[in-house]
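Q: Below: sequence and its predicted model.
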Amino acid sequence: MSNGGVQIQNPLSETQKSDRLLICVGDIHGHYSKLQNLWSSLQSRTNPSQFNTSLIIFLGDYCDRGPDTKKVIDFLVSLPSNYPNQSHVFLCGNHEFALAAFVGVLPPPADGSEFKQTWRDYEESEEREGWYRGDGYENMHLQGRMWAGSIKVEFNTVEGTECKGSIYDAAPTFESYGVPHGSSDLMKAIPDEHKKFLADLVWVHEQDDVCVQTGEGIKHCKLIAVHAGLEKGKGVDEQLRCLKARDTRVPKVEALSGRKSVWDIPEELTANPTVVVSGHHGKLHIEGLRLIVDEGGGYEHKPLAAIILPSMEIVRDTDCLN
């Protein structure tokens, strides 16, 4: 099974299906040079014919922190034409959700409500987080205002790094498109094909009959890919329905932005083997069928990683430098 996020080019034989690689790429965060090195590492670690017919799932967070968001999105947009026999899934991360909100390509709420209603429960944080108040803010989703805002804190004590403009570290994204941080000019500076890319991002991807190497041998599993994870204590079917519908009525989408609440595989999915793969968490965490692939977190001193299935091999951008 596949959803609208996959571009299937040629039907595969049963033999090809069993040999097909599935590659999940962690959060890129504007690091184009790391992406290029990771791509080279993946090519060198895999059989060329398998690589060229692989399914590649990008786990979200393509923008912010690193210097080259524009180049990263250019590369991703070009993949279907440059690798026509691959299939590609581009998941929406919380950073793309916020960028899409700012440039006006976030899907409107299906119930006809206005985006400004998402501010309601968080307005006490507006001054501290420096929400955007420039052109177009009047009916902008909360996350877009937070993304383009100007945070007053200058240092991230957790990561030991300088803050870059907003709580999303969005200043490098503005700069990559040639406009200053917080400027409404970004809405015009972003090319239409990039806006379409942002508008088309899927919030979840499901794949049936994925092979995974385990301690007991190869398992045939269902795979669910979502940027942060699925929530505990909520029905999985209902979560998947909302994610497929891209429900933007809420101020924060937990499956794209959550932390502890989405760390584990929901108990409901343990009855039938299900891989849940995510990025987002700034960690590489492989525990059973729960795969979290975000070793870099977008920080310069950490690597960009991917995982290859069925082998469960971890590949890093630094591998091609050794």
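A: Everything's here; your move.
Q: going forward, measure contacts between C-alpha atoms and count neighbours the same way
A: OK.
Q: would you list every one of the strands in this protein?
A: 22-25, 55-58, 87-90, 155-156, 161-162, 205-214, 217-225, 274-278, 284-287, 290-293, 305-309, 313-316 (DSSP state E).
Q: so where do the helices sit in this structure?
A: Counting by DSSP state H, the segments of the chain that form helices are 14-19, 32-45, 48-52, 69-82, 94-103, 126-129, 142-147, 171-176, 186-189, 192-200, 236-245, 254-257.
Q: Check the gap between Val77 and Trp203 for me.
A: 17 Å (CA to CA, to the nearest Å).
Q: who has more neighbours, those two?
A: Between Val77 and Trp203, Trp203 has the larger neighbour count (other CA atoms under 10 Å), namely 27 against 16.
Q: residues in contact with the more buried one?
A: Neighbouring residues of Trp203 by CA atoms under 8 Å, 6 or more residues apart in numbering: Leu91, Cys92, Gly93, Val226, His227, Leu243, Lys244, Arg246, Leu256.
Q: For ChimeraX, write the select line for the buried members of the residues you listed.
A: If you want just the buried ones from the contacts of Trp203 in ChimeraX, going by 16 or more other CA atoms under 10 Å, the selection is:
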select :91,92,93,226,227,243,246,256
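Q: Out of the contacts of Trp203, the closest to Gly282 would be?
A: His227 (11.7 Å; CA to CA).
Q: The closest one touches Gly93, doesn't it?
A: Yes: His227 lies in contact with Gly93 (CA atoms under 8 Å); the separation is 5.4 Å.
Q: what residues are shared contacts of those two?
A: Shared contacts of His227 and Gly93, defined by CA under 8 Å, 6+ apart, comprise Leu59, Gly60, Trp203, Leu256, Ser257, His280.
Q: Tell me how far the first one lies from Asp169.
A: Distance of Leu59 to Asp169, given as CA to CA: 19 Å.
Q: next one: the fifth one
A: Computed with CA to CA, the distance linking Ser257 and Asp169 is 15 Å.
Q: who's more crowded, Leu59 and Asp169?
A: Higher neighbour count among Leu59 and Asp169: Leu59, with 31 against 24, using other CA under 10 Å.
Q: Surely that one is in contact with Leu291?
A: No: counting by CA under 8 Å, Leu59 sits too far from Leu291 to count as a contact (11.2 Å).
Q: Mutual contacts of these two, please.
A: Ser278.
Q: residue contacts, the residue nearest the centre of the chain?
A: For the chain, Gly60 is the residue whose C-alpha lies nearest the centre (CA atoms, centre = their mean; 0.9 Å). With contacts defined as CA under 8 Å, 6+ apart, Gly60 is in contact with 26-28, 90-96, 227, 279-280.
Q: The closest residue to it other than its chain neighbours and Asp319: what is the separation?
A: Distances taken as CA to CA, 6 or more residues apart in numbering place Gly93 nearest to Gly60, at 4.2 Å, with adjacent residues excluded. Per CA to CA, Gly93 is found 25 Å from Asp319.
Q: What mean pLDDT does stretch 266-277 get?
A: Taken as a whole, stretch 266-277 has an average pLDDT of 95.
Q: go on, stretch 109-120?
A: 95.
Q: His181 contacts Asp169, correct?
A: No: if you go by CA under 8 Å, His181 and Asp169 don't touch, sitting 10.0 Å apart.
Q: Now do stretch 210-228: distance from first to last residue.
A: Rule used - CA to CA; the end-to-end distance of stretch 210-228 is 20 Å.
Q: ok, residues contacting it?
A: Contacts for stretch 210-228 (CA under 8 Å, 6+ apart): 18, 57, 59-60, 91-94, 203-209, 254-259, 262-263, 272-281, 288, 309-312.
Q: and Arg128, how many neighbours does it have?
A: Arg128: 12 surrounding residues under other CA under 10 Å.
Q: Kindly list the single helix or strand of this protein that scores lowest on mean pLDDT.
A: When each helix and strand of the chain is scored by mean pLDDT, DSSP states H and E, helix 14-19 comes last, with a mean of 50.
Q: Ignoring the adjacent residues along the chain, who's closest to Asp27?
A: Nearest to Asp27 is Asp61, by CA to CA, 6+ apart, at 5.1 Å.
Q: Quickly note the distance from that neighbour to Leu91.
A: From Asp61 over to Leu91 (counting by CA to CA), the distance is 8 Å.
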